[in-house]
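Peer 1: Here is my input, please return the structure:
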Amino acid sequence: MRAIDFLSVKERRRVESAIKAAERNTSGEIRVHIERKCSSDPRERALRTFHVLKMTDTAARNAVLIYVACQTRKFAVLGDKGINEAVPHGFWNDVCGVLGEAFAQERYADGLEQAVVMIGEKLKAFFPYRTDDVNELPDEISFHENDGED
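Peer 2: From the prediction side, this is the model:
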């Protein structure tokens, strides 16, 4: 399966709309990245992707990445320094639990949408929207058609 085919166009729009809605209430940034394969630890791959997508460049260091390797069925959720220091211990595991449950039922868009909403609520609590906020990262889902390596 190609990464771009993991979600239908309608499902991609739904997830991207959830990102936009969540970011209207926070200065935080949420990205979803989907690639075909991950042949290593998904958290390590997500961390590399986090840097490639320049997610550490946000002013408040409050970006969150939902990383999915669709063919190898791996995923991870990573937050930058600012949000990691704010969320309760185990929060990212809770988000992964929601993703895992939905993905097990092949409800991929539902799981991503629920995860975005959960993350958005935490970002809103710790990094509320300010009138001078700018959208620092794209809201569109990013894709990489890889062979599991960089």
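
Peer 1: Could you pull up the residues touching the residue most central in space within the chain?
Peer 2: Nearest residue to the geometric centre of the chain (CA atoms, centre = their mean): Ile66, 2.3 Å. Residues in contact with Ile66 (CB atoms under 8 Å, 6 or more residues apart in numbering) are Ile30, Arg31, Val32, His33, Phe75, Val77, Val95, Leu99, Leu112, Ala115, Val116, Ile119. Heads up, the C-betas are built off the backbone N, CA and C, glycines and all.

Peer 1: quick one: low-confidence ranges for the chain?
Peer 2: The chain contains residues with pLDDT under 70 at 147-150.

Peer 1: Name the helix or strand for Val32, please.
Peer 2: Assigned by DSSP states H and E, Val32 belongs to strand 29-35.

Peer 1: returning to that earlier point: just the element for the residue nearest to the centre of the chain, please.
Peer 2: With DSSP H and E as the test, Ile66 turns up in strand 63-69.

Peer 1: CA atoms of that strand as CSV?
Peer 2: C-alpha atoms of strand 63-69 as CSV (Å, rounded to 0.1, in the frame of the first residue of the first chain):
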residue,chain,number,x,y,z
ALA,A,63,4.5,21.0,18.2
VAL,A,64,3.1,17.4,18.2
LEU,A,65,3.7,14.7,15.5
ILE,A,66,1.4,11.8,14.9
TYR,A,67,3.6,9.4,12.8
VAL,A,68,2.1,6.4,11.0
ALA,A,69,3.9,3.7,8.9
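
Peer 1: Neighbouring strands of it in the sheet, and parallel or not?
Peer 2: In the sheet, strand 63-69 lines up against strand 29-35 (parallel), strand 74-79 (antiparallel) (DSSP bridges).

Peer 1: now the last one, how far from the centre of its chain.
Peer 2: This points to strand 74-79. Distance of strand 74-79 from the chain centroid (CA atoms, centre = their mean, to the nearest Å) equals 7 Å.
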